[in-house]
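*Asks:* A predicted structure for the sequence below; I have some questions about it.
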Amino acid sequence: MTDHDIFAALRRRTVAALAELLPDLPADAFARVQMEPPRDPSHGDMATNAALVVGKLARQAPPKLAAALAERLAALPEVESAAPAGPGFVNLRLRESFLLAQLPVILAEGERYGDGTASAGRRINVEYVSANPTGPMHVGHCRGAVVGDALANLLAKAGWAVTKEYYINDAGAQVQALAMAAYWRYLQALLDTREGQDFAASGPAPLRDFAASARDREAFERTHGIALQYGGDYLVPVGQALHARFGFGLVPESGGEPAPATLTAIRDFTVERMMESIREDLAALGVTGQHFVSEAQLVREGKLEQAEKVLSYKGLIYRGVLEPPKGKTPEDWEPREQTLFRATQFGDEVDRPLRKSDGSGTYFANDIANHLHKLERGFAELVHVWGADHGGYVKRMQAAVAALSSGTVPLDVVLTQIVRVMKDGEPVRMSKRAGTFVTLRDLLEMVAEKVANPGEARDAVRFTMLTRKSDAQMEFDLDKVVEQSRENPVFYVQYAYARCMSVLRGAEALLGAKATNDTFPAVAAGLAASPLESLADPAELALIRRLTTWPRTVEAAAIAREPHRIAFFLHDLAGDFHVLWNKGRDDATLRFIRADEPEATRARLALVAATGTVIRSGLAVMGVTPVEEMR
RNA sequence: GUCUCCGUAGCUCAGCAGGAUAGAGCACCAGAUUCCUAAUCUGGGGGCCGUGGGUUCGAAUCCCGCCGGGGACACCA
């Protein structure tokens, strides 16, 4: 429904009026016409740049055109007055009745208010998190998860048909290294058993020494001639699980390394366990409903070869030797003939290799396969949320998607910057589990220690992660996220909603129902027919004006792929509501519930319910639960 | 060296796909608060939007060059 967006509605009327004034102009001449709230409220409720934008094409002086346009707009039923201003703006003042009429619209539509149709239901694939299944998720993943999830929700609200996706990097060297580390932990688990100890004491010599080396990391690495990449404790339970599942069955018969098939079994088992743990972490964050795509499976299905074929058919693949990167040549650089993709034809700096010297695909090649897979499923737009350290990867991926789709499918990449977790003014670095970084679980637990329940911690984390533009670095202050004060936007917004609920609870007799989160939609809908004429205070009208900007906020944020705007909008909205609440403290006639004025009370309840509706709607996008009561 | 993101009030950050006098919170200053909806409220000071050009009726916003900071830069993912 775009007609609940009164800015869009009046923009259409403006364009129509303009088209009548200037019948010779082509329709696309009005593309840049905007209708927006003016910065300065004294300019009115809305302003349009229409005369400025088309003045040149129409060979008319903007101020003159603005005057003519204003005359027409003033005649509209929604408009109280219209006046040309400045270099060619037209300022509109809306009829109060028209503004007030938006409240029943909001109340009737409920949380659907703000839903968009501009995207016409285009299918969009939003891939996020995609943490390697080699360890626990850390705070960086956490931010990506929250941003991605909120962005997906936002796009869905704005009218896209959204698929949330998680790409599992379960092929390649890193999961091989993971398998070795899990194998090491498995041997350790064996040694912790009676049988294992007996074996280590009296088994066949080479095998015994080999197994016993697992007690010590360095000895294990020496014996196997490898360096363990994943030494974190989180694999200890995996080792135990491997033992429980396979008993002694994974120990190679003659010492030596485990057979490839054994290692594969270990790898699959371990990846599965890691993914389970990641899913648990995501669920704790409230991130669910993702579609999981396995890199290994794409490789097995030959998606890589298919992708190569497509590109090859388009003449975009060749054998060649790359120049060393300028300014910083790796020490072991040597000229090497490789299978290359002509990424430079699509705006990348250099052509990119698709095959390693052993013939297997590079990560990039597999990722191309992943994107072919997406395109085959019919997505019209693709979005990724990546950590900023992958910024250098954006161009080549966009080049690949442009090549595969012949430029018909855009790929947008949202980069999220580093999160520094702060506690008592100091950065928190260490993790009990992973040794080097703060895990997502650590973060949730640290926040949960300070609040009543895990849900509250999840909400605080999600909201806070969205209080910065995603490509700006962020400090996550553990002391502030749970602080109950105006300084904390999470609290500030939640408190506004709680106050809305508090008012509605206080009006139970009048509403004939008790207001709770569950009954809220019915209560709000029931207020849609309230008489509203008594709403006239500037603070009340300011709040209504804010509410009417919700649809355009959703649309703009979705197009810009910037979910943080929802958090800022809610903060502003909460601010308007708190102002009104505070006025009621000074002036009893502005209190929401007035025993002597049932009509005025119903009108204010309608306003309160509309405010609550939009807050709920915004929180839903962010994946945050509204709190109906605060104590 | 190349690419990329960033540079806005003392601090932390917004700035709505170029728009009219650049905003918020904190901090600072000055008031209010026996009653009322105080996990406070009202008001105020404070910025050549890093810098130099360009495009435009109009630039914090778009383009180019500098300065300063983060990140990434052949078979790793």
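*Replies:* That came in fine, so what should we check first? Numbers count the residues shown, from 1 in each chain, chains lettered A, B, ... in the order given.
*Asks:* going by C-alpha atoms from here, please, whenever you check contacts or count neighbours.
*Replies:* Will do.
*Asks:* what does the stretch 201-350 of chain A have sitting close to RNA strand B?
*Replies:* A:322, A:324-330, A:332-336, A:349 (C-alpha under 7 Å from any atom of the strand).
*Asks:* mind checking how far stretch A:336-347 is from the chain centre?
*Replies:* Centroid separation for stretch A:336-347 versus its chain: 32 Å, with C-alpha atoms, centre = their mean, to the nearest Å.
*Asks:* contact partners for the nearest residue to A:I266 once chain neighbours are set aside?
*Replies:* Once flanking residues are discounted, A:I266 sits nearest to A:A179: 5.7 Å by C-alpha to C-alpha, 6 or more residues apart in numbering. A:A179 makes contacts with A:L263, A:T264, A:I266, A:R267, A:T270, as judged by C-alpha atoms under 8 Å, 6 or more residues apart in numbering.
*Asks:* ok, so of the residues you listed, who is nearest RNA strand B?
*Replies:* For the contacts of A:A179, the minimum distance to RNA strand B (C-alpha to the nearest atom of the strand) is 13.8 Å, reached by A:R267.
*Asks:* please name every helix or strand in contact with the helix or strand hosting the closest one.
*Replies:* Secondary structure assignment for A:R267, by DSSP states H and E: helix A:260-284. Judged by 3 or more C-alpha pairs under 8 Å, 6 or more residues apart in numbering; DSSP states H and E, the packing partners of helix A:260-284 are helix A:173-191, helix A:236-246.
*Asks:* which residues in the stretch 451-600 of chain A form strands?
*Replies:* A:474-477 (DSSP state E, counting those that start in this stretch).
*Asks:* skipping adjacent residues, who's closest to the residue of it at minimum distance from RNA strand B in space?
*Replies:* For the stretch 451-600 of chain A, the residue closest to RNA strand B is A:R591, as judged by C-alpha to the nearest atom of the strand, at 2.7 Å. Spatial nearest neighbour of A:R591, chain neighbours left out: A:G584 (4.4 Å); criterion: C-alpha to C-alpha, 6+ apart.
*Asks:* what pLDDT does the nearest residue to A:Q174 once chain neighbours are set aside get?
*Replies:* Leaving aside its sequence neighbours, A:Q174 sits nearest to A:T134 (C-alpha to C-alpha, 6+ apart; 7.4 Å). In this prediction, A:T134 carries a pLDDT score of 91.
*Asks:* which residues sit in contact with A:T134?
*Replies:* A:Q174, A:V175, A:L178, A:Y230, A:V271, A:M274.
*Asks:* count of neighbours near the closest residue to A:D424 other than its chain neighbours?
*Replies:* Closest residue in space to A:D424, ignoring its immediate chain neighbours: A:D479 at 7.0 Å, by C-alpha to C-alpha, 6+ apart. Each residue near A:D479 was counted by other C-alpha atoms under 10 Å, and the total is 14.
*Asks:* tell me the secondary structure for the residue nearest to A:Q174?
*Replies:* coil (DSSP: H, G, I helix; E, B strand; the rest coil).
*Asks:* what pLDDT does the closest residue to RNA strand B within the stretch 251-400 of chain A get?
*Replies:* Nearest to RNA strand B, among the residues of the stretch 251-400 of chain A, is A:K356, at 2.8 Å (C-alpha to the nearest atom of the strand). Note on A:K356: pLDDT of 87.
*Asks:* now for the nearest residue to it once chain neighbours are set aside, how many residues are close by?
*Replies:* Spatial nearest neighbour of A:K356, chain neighbours left out: A:T362 (5.8 Å); criterion: C-alpha to C-alpha, 6+ apart. Neighbour count of A:T362, defined by other C-alpha under 10 Å: 17.
*Asks:* quick one: contacts for A:T362?
*Replies:* A:P353, A:L354, A:R355, A:K356.
*Asks:* rerun at 7 Å
*Replies:* Contacts for A:T362 (C-alpha atoms under 7 Å, 6 or more residues apart in numbering) come out as A:L354, A:R355, A:K356.
*Asks:* picking up where we left off before, tell me which of the helices and strands packed on helix A:260-284 sits most buried.
*Replies:* Ranked by mean neighbour count, these are led by helix A:173-191 with a mean of 23 (mean count of other C-alpha atoms under 10 Å).
*Asks:* report pLDDT for the residue of chain A most remote from its centre.
*Replies:* Farthest-out residue of chain A from its mean C-alpha position, per C-alpha atoms, centre = their mean: A:S202, at 56.6 Å. At A:S202, the model reports a pLDDT of 81.
*Asks:* can you tell me the closest non-neighbouring residue to it?
*Replies:* A:R208 (7.4 Å).
*Asks:* give me the mean pLDDT for the helix or strand hosting that neighbour.
*Replies:* Using DSSP H and E, A:R208 maps to helix A:205-212. Averaging pLDDT along helix A:205-212 yields 77.
*Asks:* so the following helix or strand past it versus helix A:205-212, what angle?
*Replies:* Later in the chain than helix A:205-212, the nearest helix or strand by DSSP H and E is helix A:217-224. Angle of helix A:217-224 versus helix A:205-212, following axes from the mean of the first three to the mean of the last three C-alpha atoms, to 10 degrees, is 140 degrees.
*Asks:* what sits up against helix A:217-224?
*Replies:* With C-alpha under 7 Å, 6+ apart as the criterion, helix A:217-224 contacts A:F210, A:S213, A:A214, A:A227, A:L228, A:E257.
*Asks:* next one: the first one from A:A179, what distance?
*Replies:* Spelled out, that is A:F210. 17 Å (C-alpha to C-alpha, to the nearest Å).
*Asks:* show me what the helix or strand hosting A:I124 is packed against.
*Replies:* Here A:I124 sits within strand A:123-127, counting by DSSP H and E. Counting contacts by 3 or more C-alpha pairs under 7 Å, 6 or more residues apart in numbering; DSSP states H and E, strand A:123-127 packs against strand A:161-168, strand A:381-387.
*Asks:* any idea how far it is from the chain center?
*Replies:* Mean-position distance between strand A:123-127 and its chain equals 12 Å (C-alpha atoms, centre = their mean).
*Asks:* now the next helix or strand after that strand against helix A:260-284, angle please.
*Replies:* Scanning forward in sequence from strand A:123-127 by DSSP H and E, the next helix or strand is helix A:139-157. Taking the same axes, to 10 degrees, one finds helix A:139-157 and helix A:260-284 inclined to each other by 60 degrees.
*Asks:* helices and strands around helix A:139-157, which ones?
*Replies:* Using 3+ C-alpha pairs under 7 Å, 6+ apart, helix A:139-157 sits against strand A:161-168, strand A:381-387, helix A:454-465, helix A:598-622.
*Asks:* what is the burial count for the residue nearest to A:S202?
*Replies:* Neighbours around A:R208, by other C-alpha under 10 Å: 19.
*Asks:* isn't it right up against A:D198?
*Replies:* No: using C-alpha atoms under 7 Å, A:R208 is not in contact with A:D198; the gap is 9.8 Å.
*Asks:* what's the closest of the helices and strands packed on helix A:260-284 to A:M422?
*Replies:* helix A:236-246 (28.7 Å; C-alpha to C-alpha).
*Asks:* tilt between that closest one and helix A:260-284?
*Replies:* Using the same axes, to 10 degrees: helix A:236-246 against helix A:260-284 is 130 degrees.
*Asks:* pLDDT (mean, whole number) over helix A:236-246?
*Replies:* In the prediction, helix A:236-246 has an average pLDDT of 95.
*Asks:* contacts for it?
*Replies:* Outside helix A:236-246, the residues that touch it by C-alpha under 7 Å, 6+ apart are A:A182, A:Y183, A:R185, A:Y186, A:A189, A:L190, A:T270.
*Asks:* apply 8 Å and report the result again.
*Replies:* With contact meaning C-alpha under 8 Å, 6+ apart, helix A:236-246 is reached by A:182-190, A:266, A:269-270, A:273.
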